[in-house]
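[1] Give me the fold of what follows.
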Amino acid sequence: MNVKNIHIGSLIKQKVLENEIDQVRICNTLKCSETEIEAMYKEENISTAFLLKWSKLLKYDFFRLYSQHIILYAPQSNTGYNQIGKVKKSKMPQFRKNIYTKNIIDFILELLEKGEKTELQIIQEYRIPKTTLHSWLNKYSKQNSEN
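    Take a look at the predicted model:
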């Protein structure tokens, strides 16, 4: 799955087809007409309120697609790094800096394995630290050779 370009409507439609969800059930849950549902399938973006309803109905976390996009293409900056005494407190929830899911790690290692990207390209494009990439290579190449 390419999380660089997310067309949420088509992904929702794909999941509806996979789960064989009845159109009447969708309309009742979302309180929309069939025409409005079909229009959502064509939309690249939908409101978070509807995305939450779709996620519950289809038992699939569509928000995670966006989270993985952020991890790969817009990693959290080191705001306040090396600024002693100048770190600003935020009222927003704080998340761990680098959370790489197994899917992300597999995606990156697959790019290397297939020769689609070099280590240097991955380090530069996805801002993955060199030491992290090498630890993945050591850890997962050992696991693959044992299986």
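[2] going forward, measure contacts between C-alpha atoms and count neighbours the same way
    Fine.
[3] And the residue positioned nearest the centre of the chain, which helix or strand is it part of?
    With distances taken as CA atoms, centre = their mean, the residue of the chain nearest its centroid is residue 68 (2.3 Å). Following DSSP states H and E, the helix or strand that holds residue 68 is helix 63-73.
[4] What is that helix packed up against?
    When contacts are defined as 3 or more CA pairs under 8 Å, 6 or more residues apart in numbering; DSSP states H and E, helix 63-73 sits against helix 119-126.
[5] For this protein, give me the ranges with low pLDDT.
    Counting by pLDDT under 70, the low-confidence segments of the chain come to 1-3, 75-88, 92-99, 142-147.
[6] rewinding a little: right, and the residue nearest to the centre of the chain touches residue 104 too?
    Yes - contact criterion CA atoms under 8 Å: residue 68 and residue 104 qualify, at 7.2 Å.
[7] Could you look up the next helix or strand downstream of the helix holding residue 68?
    With secondary structure assigned by DSSP H and E, helix 63-73 is succeeded by helix 102-113.
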